[in-house]
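Trainee: give me the fold of what follows.
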Amino acid sequence: MYGFLYYFLGKKNIDLKLSKFILILFYAIGIIISFALIFGIDEVELISAYLLTSIFIGLLFKLKR
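Mentor: Here you go, the predicted structure:
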């Protein structure tokens, strides 16, 4: 799904900053859903730690067309 979304955003010539925001939002929602299904919604500390780390790393990497 992530690869398809990246490909789709590239084909539509959407600005790189907006593309990066959409991709980060997409995987952040995926992390929340996955962790909630696997560990339950009670593991807020685990979900938030993984989510914040992923967002931080996502902001560091650059997108290329």
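
Trainee: quick one: residues contacting A36.
Mentor: Neighbouring residues of A36 by CB atoms under 8 Å, 6 or more residues apart in numbering: I47. Bear in mind the C-beta positions are built from the backbone N, C-alpha and C, glycine included.

Trainee: could you find the closest non-adjacent residue to G58?
Mentor: I24 (4.6 Å; CB to CB, 6 or more residues apart in numbering).

Trainee: where does the one you found land on pLDDT?
Mentor: I24 carries a pLDDT value of 91.

Trainee: repeat that for R65.
Mentor: Looking at R65, the pLDDT reads 63.

Trainee: ok, the residue nearest to the spatial centre of the chain to L51 distance?
Mentor: Central residue of the chain (CA atoms, centre = their mean): Y27, 2.4 Å from the mean position. Note on Y27: its distance to L51, by CB to CB, to the nearest Å, is 9 Å.

Trainee: can you give me the neighbour number for F21?
Mentor: 14 (other CB atoms under 10 Å).

Trainee: what about the helix or strand containing S34, distance to the chain center?
Mentor: In this structure, S34 sits in helix 16-39 according to DSSP states H and E. Centre-to-centre, helix 16-39 and its host chain are 3 Å apart (CA atoms, centre = their mean, to the nearest Å).
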